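# Need a 3D model of the following:
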Amino acid sequence: MFVVVAGVVLLFGTAAFIYLFLEKRESDRAAEALRQTGAASTVVVPDGARIVDLRFEQGRVLTHLRDEEGRNFLMLVDVASGRRLGLVVLEPETP
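Reported below is the predicted structural model:
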């Protein structure tokens, strides 16, 4: 029984390590793309919004924003051009 449990733990541990390693590499590539642009870009965000979270992936930044009223937004920005690709307002489902 111990051998089976140890094998499962080893398998999941290895999978978690590989996932975290690949996630770190993707983050490093996005940061490098951001450095290579060389020029500052201005991105307009909803008035009063603050950044809750950022995710870098494939040369794009997905930003989770929240305004003063508690509304949540998702904004997608192209790192190379600084152009806003989309803005989504997240509304709670009403019964």
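# Do you have the strands of the protein handy? List them.
For the chain, the strands defined by DSSP state E cover 50-57, 60-66, 72-78, 84-90.
# Between the ones you listed, which one is closest to Val4.
Minimum separation from Val4 across those (C-beta to C-beta) falls at strand 50-57, 36.4 Å. C-beta: built from backbone N, CA, C; applies to glycine.
# Just the mean pLDDT for the closest one, thanks.
Mean pLDDT, taken over the full extent of strand 50-57, equals 88.
# Pairing partners for that strand, with directions?
According to DSSP bridges, strand 50-57 has the following sheet partners: strand 60-66 (antiparallel).
# starting at the chain centroid, how far to the partner strand?
The chain centroid and the centroid of strand 60-66 are separated by 7 Å under C-alpha atoms, centre = their mean, to the nearest Å.
# what's the average pLDDT for that strand?
Mean per-residue pLDDT for strand 60-66: 91.
# What of stretch 71-78?
Within the predicted structure, the mean pLDDT of stretch 71-78 is 91.
# quick one: buried residues of that stretch?
73, 75-78 (16 or more other C-beta atoms under 10 Å).
# Stretch 81-95 too?
The neighbour-count check on stretch 81-95 (16+ other C-beta under 10 Å) flags Arg84 as buried.
# Kindly report the same for stretch 46-57.
Within stretch 46-57, the residues that count as buried by 16+ other C-beta under 10 Å are 49, 56.
# how about the CA coordinates for it, as PDB?
Output for stretch 46-57, consisting of C-alpha atoms alone and laid out as PDB, is shown next (Å, rounded to 0.1, in the frame of the first residue of the first chain):
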ATOM      1  CA  PRO A  46     -12.000  52.400 -16.500                       C
ATOM      2  CA  ASP A  47     -12.200  55.500 -14.300                       C
ATOM      3  CA  GLY A  48     -11.400  54.700 -10.700                       C
ATOM      4  CA  ALA A  49     -10.300  51.100 -11.400                       C
ATOM      5  CA  ARG A  50      -7.300  49.500  -9.700                       C
ATOM      6  CA  ILE A  51      -5.300  46.400 -10.700                       C
ATOM      7  CA  VAL A  52      -6.300  43.300  -8.800                       C
ATOM      8  CA  ASP A  53      -4.200  40.700 -10.800                       C
ATOM      9  CA  LEU A  54      -2.000  40.500 -13.900                       C
ATOM     10  CA  ARG A  55      -1.300  37.400 -16.100                       C
ATOM     11  CA  PHE A  56       1.300  37.400 -18.900                       C
ATOM     12  CA  GLU A  57       0.900  35.000 -21.800                       C
END
